[in-house]
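Student: sequence-free structure coming up:
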């Protein structure tokens with residue numbers, strides 16, 4: 001039984017190594033595609049471009065800042081309409 005478990009583990013390890021090699025090769029080929037094709041494939045895989053991520057991070061930071069401002073207590077004598 002131990003020998004069978006050992007051979008199964010070895011076969012699984014080989015499969016994982018083979019899949020990782022194929023994945024690396026696929027990623028390298030993806031980089032060789034024309035830009036439009038690469039972007040289309042990335043979209044189909046649900047990936048976002050760096051510019052989109054940067055834009056979302058900036059928007060999130062802006063919203064967090066506005067929330068902090070809204071959470072701060074107002075000084076006495078300042079009305080809600082003053083801002």
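Tutor: In hand now; what should we look at? Since we're looking at a predicted model, the values are computed, not measured. Numbering: from 1, shown residues only.
Student: and residue 74, which of the three is it?
Tutor: With DSSP: H, G, I helix; E, B strand; the rest coil as the basis, residue 74 sits in coil.
Student: Need the pLDDT of it.
Tutor: Here, the pLDDT recorded for residue 74 equals 80.
Student: From residue 48, how far off is it?
Tutor: Look at residue 74 and residue 48: by CB to CB, to the nearest Å, they are 38 Å apart. All C-beta atoms are positioned from the backbone trio N, CA, C, and that covers glycine.
Student: what do you get for residue 67?
Tutor: 24 Å.
Student: more crowded one of these two?
Tutor: residue 48 (12 against 9; other CB atoms under 10 Å).
Student: Report the residue spans of this protein with pLDDT below the cut-off.
Tutor: 1-3, 30-31, 33, 78-83 (pLDDT under 70).
Student: which residues of it fall in helices?
Tutor: Ranges of helices in the chain, per DSSP state H, are 2-32, 35-44, 50-71.
Student: Which strands or helices does the first one pack on?
Tutor: I take that to be helix 2-32. Applying 3 or more CB pairs under 8 Å, 6 or more residues apart in numbering; DSSP states H and E, one finds that helix 2-32 contacts helix 35-44.
Student: starting at the chain centroid, how far to the helix it packs on?
Tutor: Chain-centre distance of helix 35-44: 16 Å, with CA atoms, centre = their mean, to the nearest Å.
Student: and that helix, what does it pack onto?
Tutor: Helices and strands touching helix 35-44, by 3+ CB pairs under 8 Å, 6+ apart, are helix 2-32.
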